[in-house]
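Q: fold the following for me, if possible:
(4 chains)
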Number of protein chains: 4
Amino acid sequence: MGKGRLEAFSDGVIAIIITIMVLELKVPHESTPAALLPLLPVLLSYVLSFIYVGIYWNNHHHLLAASQRISGGALWANLHLLFWLSLFPFATAWMGENHFAAAPTAAYGVVLLMAAVAYWLLQRKLIGLEGSHSMLRRAIGSDWKGKLSPAIYALGIALTWQAAWIGQLLYAAVAVMWLIPDRRIEDAIAG
Amino acid sequence: MGKGRLEAFSDGVIAIIITIMVLELKVPHESTPAALLPLLPVLLSYVLSFIYVGIYWNNHHHLLAASQRISGGALWANLHLLFWLSLFPFATAWMGENHFAAAPTAAYGVVLLMAAVAYWLLQRKLIGLEGSHSMLRRAIGSDWKGKLSPAIYALGIALTWQAAWIGQLLYAAVAVMWLIPDRRIEDAIAG
Amino acid sequence: MGKGRLEAFSDGVIAIIITIMVLELKVPHESTPAALLPLLPVLLSYVLSFIYVGIYWNNHHHLLAASQRISGGALWANLHLLFWLSLFPFATAWMGENHFAAAPTAAYGVVLLMAAVAYWLLQRKLIGLEGSHSMLRRAIGSDWKGKLSPAIYALGIALTWQAAWIGQLLYAAVAVMWLIPDRRIEDAIAG
Amino acid sequence: MGKGRLEAFSDGVIAIIITIMVLELKVPHESTPAALLPLLPVLLSYVLSFIYVGIYWNNHHHLLAASQRISGGALWANLHLLFWLSLFPFATAWMGENHFAAAPTAAYGVVLLMAAVAYWLLQRKLIGLEGSHSMLRRAIGSDWKGKLSPAIYALGIALTWQAAWIGQLLYAAVAVMWLIPDRRIEDAIAG
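A: Presented below is the predicted three-dimensional model:
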């Protein structure tokens, strides 16, 4: 079974997710620069989510590039990941419109956590298809980022109830950690 | 005529359908966890529809993978299927916002039924192009799931007027039946 | 210059156009079957536009399948066509929400007319690139449908001011004319 | 690393951006021709943005067609460009709904400026991967359009505070400058 359509469909869904988030930037009725100020938290949460969805697209790109085989189960593991990613626009808007209050920040963390779990399940499924001596398995390596991220999300969700900014700081820190390009798979493919 | 663009266009339409359904999850104005509670029926109907659209994408993927020939008539049979799938966001939102009342549940069933009929027509069209000894024909086999589903949808629509939850239960049962991976076509291609 | 991305981008835009039109089917707040009745004109205009956009996608598919060369000018001729197609959701919604009144029906006809002109310009551009002895040129043939359609649209726009239903009838008649599969290009490619 | 998915994902995002802008053309409740008049500034800003997004898609198409190598950094440079393009619908709607007032016109210019900077960064990244003797490097040439445009945008933003129409005129002038097909890369690939 070819992976072409799986990639194309995922590209489509992720492209729509990353783009419809911007619809939450509601056009102000006034035409003064000051009218943009109340939009700042919405813009900030959009930027954070844009980066996160970008990270997922990049990692998905690398993951599939290193995979040869796809199965019916992998299609569903992929759809499961797309489901959690599809909740980003909702979680982003709720957090942005409520000026990063505690409950929306925690909900945002839950979406981050579940997407990370779904990604890990997809990765495990694909490694299972490729085998333990595959290029993909070597490329993933110890996957310390993939293991650390859910723990930090969980910590962030818990600490949100103390102070929401701690959760937000932790979410941003994980994003920065992933923004540093992941050369593992690129190197494994090239070498 | 190549099937590449038919697949790409269908991927695009299905990706948009599956993603815009999430826009019905209207962002609450309060920032308390309790504000999420009224969204629960909307979320539930979203999950059910996400799974159904995912099933259609998976089956469409397999169906086209096993097909070699496309005709002008097949393009229209495919557009006919996409038309009924495009009514999922409407039917999902109506059912979710009205807490699974009878009329919206019946309407949801009608969309399920018509999409199943449209899929069956597309499948018949493609089998007609491939021939009765084709890999596709063998892969489809007795197609008991494809024959049983419309009957259960029709039963669900009828029983909705007795109690809406019976219809919903039947729709969910069909989804579970399809979630079990369909190895027929995969096996036929591999073997 | 490859035509692959031109096709992929057009597929994406047309997929979005055909899908966002359904967002005009506003979910009713009541949960009775009667609540669907006021939606009937919106649904009817959606069906007509779905068929029209489907016709454009089919014809675009055939046109590009028979083309070998693309130029910068062809990219713009294609974007020009996509621009007019992008006005379908607006024209469809205006006509549907106003129960097929005269002015919206005329506006719908103008969008149909301009899309037909844009398609003709794209076709001419591509024939110019392929040459007058090309497969594409032979496949297009006399193009009586392409020449007749704009004339009927113009007639429909004019007669709308007498009675809107005449315009709508003419638009529907052109759609039916195109729905009959166009075997010209398919035959030219096959033979 | 293949560039296929980078192109497909960018096509998807740009297709959505160019299409959702039309949703700002809010359907009027009246059904008279006069009801379209207040939409004229919104339509005008839509046309300008459609052309700009079309220009970016065309240039992106050419840029990637002349590139052979992609890196993790190039994926992020591309996402950075898509981020600024994703703000077009917001900036377009704000400018159109406020009848081209000064602040929205300046904000529109800022989005134009940042998109131009992001495009330049992506181009530089890709040239860096291809090498200074590459086809891409020769195809880009002196890139006077790419260097002149940001300067004119900056001038437009500054002069907007004198009179908004000067900024709009300058933005339109840059669009016209780019509409003249850029044969550099086409020629370099062909020759």
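
Q: up against chain C, what does chain A have?
A: Applying C-beta under 8 Å from any C-beta of the partner chain, we find that chain A lies next to chain C at A:Gly12. The way it works is simple: take the backbone N, C-alpha and C, and place the C-beta from them, glycine included.

Q: so where do the helices sit in chain A?
A: A:4-20, A:40-65, A:72-86, A:88-97, A:102-130, A:135-140, A:144-160, A:164-179, A:183-190 (DSSP state H).

Q: TSV for these, including mean neighbour count and mean pLDDT?
A: Below are the helices of chain A laid out as TSV (neighbours: other C-beta atoms under 10 Å in any protein chain shown; pLDDT from 0 to 100):
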stretch	mean neighbour count	mean pLDDT
helix A:4-20	25	94
helix A:40-65	21	94
helix A:72-86	22	95
helix A:88-97	26	95
helix A:102-130	21	96
helix A:135-140	20	86
helix A:144-160	17	95
helix A:164-179	17	94
helix A:183-190	15	62
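
Q: now the ones you listed in JSON lines, with distance to C:Leu48?
A: As requested, those are exported to JSON lines (distance: least, C-beta to C-beta, whole Å):
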{"stretch": "helix A:4-20", "distance to C:Leu48": "25"}
{"stretch": "helix A:40-65", "distance to C:Leu48": "36"}
{"stretch": "helix A:72-86", "distance to C:Leu48": "30"}
{"stretch": "helix A:88-97", "distance to C:Leu48": "31"}
{"stretch": "helix A:102-130", "distance to C:Leu48": "39"}
{"stretch": "helix A:135-140", "distance to C:Leu48": "49"}
{"stretch": "helix A:144-160", "distance to C:Leu48": "48"}
{"stretch": "helix A:164-179", "distance to C:Leu48": "46"}
{"stretch": "helix A:183-190", "distance to C:Leu48": "48"}
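
Q: nearest to C:Tyr171, of these?
A: helix A:4-20 (30.2 Å; C-beta to C-beta).

Q: same for that closest one, what does it pack against?
A: Where contact means 3 or more C-beta pairs under 8 Å, 6 or more residues apart in numbering or on different chains; DSSP states H and E, helix A:4-20 is packed against helix A:40-65, helix A:72-86, helix A:88-97, helix B:4-20, helix B:40-65, helix D:4-20, helix D:72-86.

Q: okay, those helices in a markdown table with distance to D:Glu130 next?
A: Compiled in a markdown table, the helices and strands packed on helix A:4-20 are given as follows (distance: least, C-beta to C-beta, whole Å):
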| stretch | distance to D:Glu130 |
| --- | --- |
| helix A:40-65 | 20 |
| helix A:72-86 | 33 |
| helix A:88-97 | 34 |
| helix B:4-20 | 28 |
| helix B:40-65 | 36 |
| helix D:4-20 | 15 |
| helix D:72-86 | 11 |
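
Q: ok, the residue lying closest to A:Pro28 once chain neighbours are set aside - contacts?
A: Distance criterion C-beta to C-beta, 6 or more residues apart in numbering or on different chains; nearest residue to A:Pro28, sequence neighbours excluded, is A:Ala35 at 3.8 Å. With contacts defined as C-beta atoms under 8 Å, 6 or more residues apart in numbering or on different chains, the neighbours of A:Ala35 are A:28-29, D:103.

Q: and A:Ile14, how close does it get to B:Thr19?
A: Remark: distance between A:Ile14 and B:Thr19 (C-beta to C-beta, to the nearest Å) = 9 Å.

Q: was I right about A:Tyr171 contacting A:Gly156?
A: Yes - using C-beta atoms under 8 Å, A:Tyr171 and A:Gly156 qualify as a contacting pair, with a distance of 5.7 Å.

Q: which bits of chain A sit near chain B?
A: By C-beta under 8 Å from any C-beta, the part of chain A that sits against chain B consists of A:1-2, A:5-6, A:8-9, A:12-13, A:15-17, A:20, A:24, A:71-73, A:75-76, A:79, A:82-83, A:86-87, A:89-90, A:93-94, A:97-98, A:101-104, A:106-107.

Q: same thing but at 7 Å, please
A: For chain A, the residues in contact with chain B (C-beta under 7 Å from any C-beta of the partner chain) are A:1, A:5, A:8-9, A:12-13, A:16-17, A:20, A:72-73, A:75, A:79, A:83, A:86-87, A:89-90, A:93-94, A:97-98, A:101, A:103-104.

Q: by proximity to chain C, which residue of chain A wins?
A: Chain C sits closest to A:Gly12 of chain A, with a gap of 7.6 Å, by C-beta to the nearest C-beta.

Q: got the contact list for that residue?
A: Contacts of A:Gly12 were listed using C-beta atoms under 7 Å, 6 or more residues apart in numbering or on different chains, and they are B:11-12, B:15, D:12.

Q: list the contacts of the nearest residue to it once chain neighbours are set aside.
A: Excluding its sequence neighbours, the residue lying closest to A:Gly12 (C-beta to C-beta, 6+ apart) is B:Ala15, at 3.2 Å. Shown here is B:Ala15, whose contacts under the criterion C-beta under 7 Å, 6+ apart are A:9, A:12-13, A:16.

Q: go on, A:Ser45?
A: A:Ser45 is in contact with A:92, A:95-96, counting by C-beta under 7 Å, 6+ apart.

Q: and chain A, which residues reach chain D?
A: Along chain A, the residues adjacent to chain D under the rule C-beta under 7 Å from any C-beta are A:7-8, A:11-12, A:15-16, A:18-19, A:22-23, A:25, A:27-28, A:31-33, A:50, A:54, A:57-58, A:61, A:65, A:181-183, A:186.

Q: if we use 8 Å, what do you get?
A: Applying C-beta under 8 Å from any C-beta, one finds that chain A approaches chain D through A:7-8, A:11-12, A:14-16, A:18-20, A:22-23, A:25, A:27-33, A:35-36, A:47, A:50, A:54, A:57-58, A:61, A:64-65, A:179, A:181-183, A:186, A:189.

Q: count of neighbours near A:Pro38?
A: Counted with other C-beta atoms under 10 Å in any protein chain shown, the burial measure for A:Pro38 works out to 12 neighbours.

Q: and the gap between it and A:Glu97?
A: Applying C-beta to C-beta, one obtains 10 Å for the distance of A:Pro38 from A:Glu97.

Q: repeat that for A:Arg137.
A: Computed as C-beta to C-beta, the A:Arg137 to A:Glu97 distance reads 43 Å.

Q: leaving out chain neighbours, which residue sits closest to A:Leu126?
A: Excluding its sequence neighbours, the residue lying closest to A:Leu126 (C-beta to C-beta, 6+ apart) is A:Ser67, at 4.8 Å.

Q: and the one you found, what are its phi and psi?
A: The main-chain torsion angles of A:Ser67 are listed as degrees, to the nearest 10 and equal phi -100, psi 150.

Q: identify the residues contacting it.
A: Applying C-beta under 8 Å, 6+ apart as the definition, the contact partners of A:Ser67 turn out to be A:3, A:126, A:129-130, A:136.

Q: mind listing what A:Leu79 touches?
A: Residues near A:Leu79 by C-beta under 8 Å, 6+ apart: B:50, B:54, B:57-58.

Q: number of residues surrounding A:Ser132?
A: The burial metric for A:Ser132, expressed as a neighbour count using other C-beta under 10 Å, is 9.

Q: so how far is A:His60 from it?
A: When A:Ser132 is compared with A:His60 (using C-beta to C-beta), they lie 22 Å apart.

Q: how about A:Ser86?
A: Between A:Ser86 and A:His60 the computed distance is 14 Å (C-beta to C-beta).

Q: likewise for A:Ala106?
A: Separation of A:Ala106 from A:His60 (C-beta to C-beta): 26 Å.

Q: before we move on, what about A:Ala103?
A: Taking C-beta to C-beta as the criterion, A:Ala103 is separated from A:His60 by 29 Å.

Q: same deal with A:Gln123?
A: In this structure, A:Gln123 lies at 10 Å from A:His60, with C-beta to C-beta as the measure.
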